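Visitor: sequence-free structure coming up:
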């Protein structure tokens, strides 16, 4: 079955999410429109990360239909996964930067892995994304020379390399102090206003209050939309 949703960047129909053989979320039905911002909240172990991993094809889709950035995940094969991920930006809580490489080389690594060839274009894009996240001139620094907030900005720059249609963020403020968390959320707002859709899993309820948006809650194996004043 193939379905088309031109105005939506994510569509889930009757989806169950699995970790190995264990179902963690069932009967999921929701859409995320192009350019929309939504939070996914819920207790630890409620399925937030598993949902995101399924959306970027790190966990296989075993039941239901998912369309992400024009790809049908029920039918996707391994060779197509890199093409899906070129349309996505993924931001992790634990940064996952290569510690023995400069910031510039971390970004080059992603570009080479996603098919960039022209060195000048790569250098120009690297400068652009570092400028976007407020880190111009940082390309020759190593990750350990940066603060946690600066490292997270590099992670966001890395996620923006291929001008993604959708940014998937898994607890992006989880390792940051409150002041830096606000700065990262302001950056996400800026990215979203430029037209990139964002789906962000978070425990940071302060962010929800300061930067209100649509809220989806994982609870008791289901995913339901909730009002901002009752989460």
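Guide: Yep, that arrived. Being a predicted model, the structure only gives us computed values, none of them experimental.
Visitor: ok, the closest residue in space to residue 10 that isn't next to it in sequence - contacts?
Guide: Spatial nearest neighbour of residue 10, chain neighbours left out: residue 32 (4.0 Å); criterion: CB to CB, 6 or more residues apart in numbering. From N, CA and C alone the C-beta is placed, and that goes for glycine too. When contacts are counted by CB atoms under 8 Å, 6 or more residues apart in numbering, residue 32 touches 8-10, 38, 166, 197, 199.
Visitor: tell me the phi and psi of residue 72?
Guide: phi -90, psi 110 (degrees, to the nearest 10).
Visitor: are we agreed that the residue nearest to residue 10 is in a strand?
Guide: Yes - under the criterion used here (DSSP: H, G, I helix; E, B strand; the rest coil), residue 32 sits inside a strand.
Visitor: so for the lengthiest helix in the chain, what gets flagged as buried?
Guide: In the chain, assigned by DSSP state H, the helix with the most residues is helix 178-193. Neighbour counts over helix 178-193 (16 or more other CB atoms under 10 Å) mark 180-182, 184-185, 187-188, 191-192 as buried.
Visitor: name the residues that touch that helix?
Guide: 35, 37, 132-134, 147-149, 152-153, 156, 160, 167, 169, 172-173, 176, 198, 200, 204, 206-207, 210-211.
Visitor: mark which of those are buried, thanks.
Guide: 35, 37, 132-134, 149, 152-153, 156, 160, 167, 169, 172-173, 176, 198, 200, 204, 207, 211.
Visitor: these in helices, which ones?
Guide: Per DSSP H, the buried ones among the contacts of helix 178-193 map to helices at 132, 149, 152-153, 156, 160, 207.
Visitor: do you know the pLDDT at the residue nearest to residue 10?
Guide: Residue-level confidence at residue 32 comes out at 97, pLDDT.
Visitor: for the one 4 residues further on, same thing?
Guide: pLDDT for residue 36: 97.
Visitor: picking up where we left off before, quick one: the residue nearest to residue 10 and residue 129, what's the gap?
Guide: Going from residue 32 to residue 129 by CB to CB, to the nearest Å gives 23 Å.
Visitor: follow-up on the earlier one: of the buried residues of helix 178-193, which is the nearest to residue 65?
Guide: Residue 65 lies nearest to residue 192 out of these, by CB to CB, at 26.0 Å.
Visitor: next one: that closest one from residue 63, what distance?
Guide: 31 Å.
Visitor: now do the contacts for the spatially most central residue of the chain.
Guide: Among the residues of the chain, the one closest to the centroid is residue 168, at 1.5 Å (CA atoms, centre = their mean). Contact partners of residue 168, counting by CB under 8 Å, 6+ apart, are 52, 55-56, 88-91, 199-200.
Visitor: columns pLDDT and distance to residue 138 on top of these, output as a markdown table?
Guide: Putting the contacts of residue 168 into a markdown table (pLDDT from 0 to 100; distance: CB to CB, whole Å) gives the following:
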| residue | pLDDT | distance to residue 138 |
| --- | --- | --- |
| 52 | 96 | 27 |
| 55 | 96 | 30 |
| 56 | 94 | 26 |
| 88 | 94 | 24 |
| 89 | 94 | 19 |
| 90 | 93 | 21 |
| 91 | 93 | 18 |
| 199 | 98 | 27 |
| 200 | 97 | 24 |
